[in-house]
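# turn this into a structure:
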Amino acid sequence: PTAWRHNLDCRIDVGLGSGDRQEKIINLNAILGLQQQFMQQGLGLTDQAKMYNTLERLAVEVGLKDAAPYFNDPNQPQQLLQAQVEQLTAMVQQMQAQMQNPLAEVEQIKAQAKLAAEQQQQQFDSQKMLLEMEQRQREFQANYLTKLTELELKYGQNVPGSMV
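You can find the predicted model right below:
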């Protein structure tokens with residue numbers, strides 16, 4: 001230990017062994033959520049490097065060696081550039097697919113319009129059918145009452161529900 005004074009660079013963290021992994025994972029996820037909120041609100045309380053540090057610590061707590069295979073380190077610009085290039089490439093491919101088939105969107109709009117017209121026609125047909133059924137029911141009721149009245153007059157008896 002007497003030789004350590006000059007050759008040893010160490011940092012002591014007290015309490016790292018306390019608590020279980022699940023508790024640390026939950027706490028790190030809570031911290032990450034706060035960091036994301038602060039970034040969205042533009043408060044300046046955190047930055048991408050700090051979020052990466054949280055993700056790196058989270059990866060270690062879940063049992064992974066490090067976060068590098070899963071997240072880009074903002075301190076290494078080539079990783080961020082590569083991620084941006086991949087995003088831009090995907091966007092270009094999507095735009096090219098749309099440009100190669102401009103009629104697809106038109107066909108989709110036509111199909112939607114046809115579907116809407118069919119739905120309106122079905123609604124109209126169902127309303128028409130309901131009105132016809134109501135008309136038939138009224139006609140049946142009128143015929144029924146007429147028949148009862150004719151029977152009353154023919155036999156001279158009072159029939160409940162007749163018009164007389």
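
# low-confidence bits of this protein, can you list those?
1-11, 13-19, 79-80, 102, 161-164 (pLDDT under 70).

# for the helix ranked longest in it, packing partners?
Criterion DSSP state H: the longest helix present in the chain is helix 102-155. Counting contacts by 3 or more C-beta pairs under 8 Å, 6 or more residues apart in numbering; DSSP states H and E, helix 102-155 is packed against no other helix or strand. All C-beta atoms are positioned from the backbone trio N, CA, C, and that covers glycine.

# number of nearby residues for Leu148?
Leu148 sits with 16 neighbouring residues when counted by other C-beta atoms under 10 Å.

# which is the next helix or strand following whichever helix or strand Asn29 is part of?
Using DSSP states H and E, Asn29 falls within helix 21-41. Towards the C-terminus, the helix or strand next in line after helix 21-41, according to DSSP H and E, is helix 48-61.

# can you give me the angle that following helix makes with helix 21-41?
160 degrees (axes from the mean of the first three to the mean of the last three C-alpha atoms, to 10 degrees).

# roughly how far is helix 48-61 from the heart of the chain?
Computed by C-alpha atoms, centre = their mean, to the nearest Å, the chain-centroid distance of helix 48-61 equals 27 Å.

# give the buried residues for it.
Using 16 or more other C-beta atoms under 10 Å as the burial criterion, the residues of helix 48-61 that qualify are 50-59, 61.

# try stretch 68-75
71-73.

# which of those sits closest to Lys154?
Lys154 lies nearest to Phe71 out of the buried residues of stretch 68-75, by C-beta to C-beta, at 95.1 Å.

# and that closest one, which of the three is it?
coil (DSSP: H, G, I helix; E, B strand; the rest coil).
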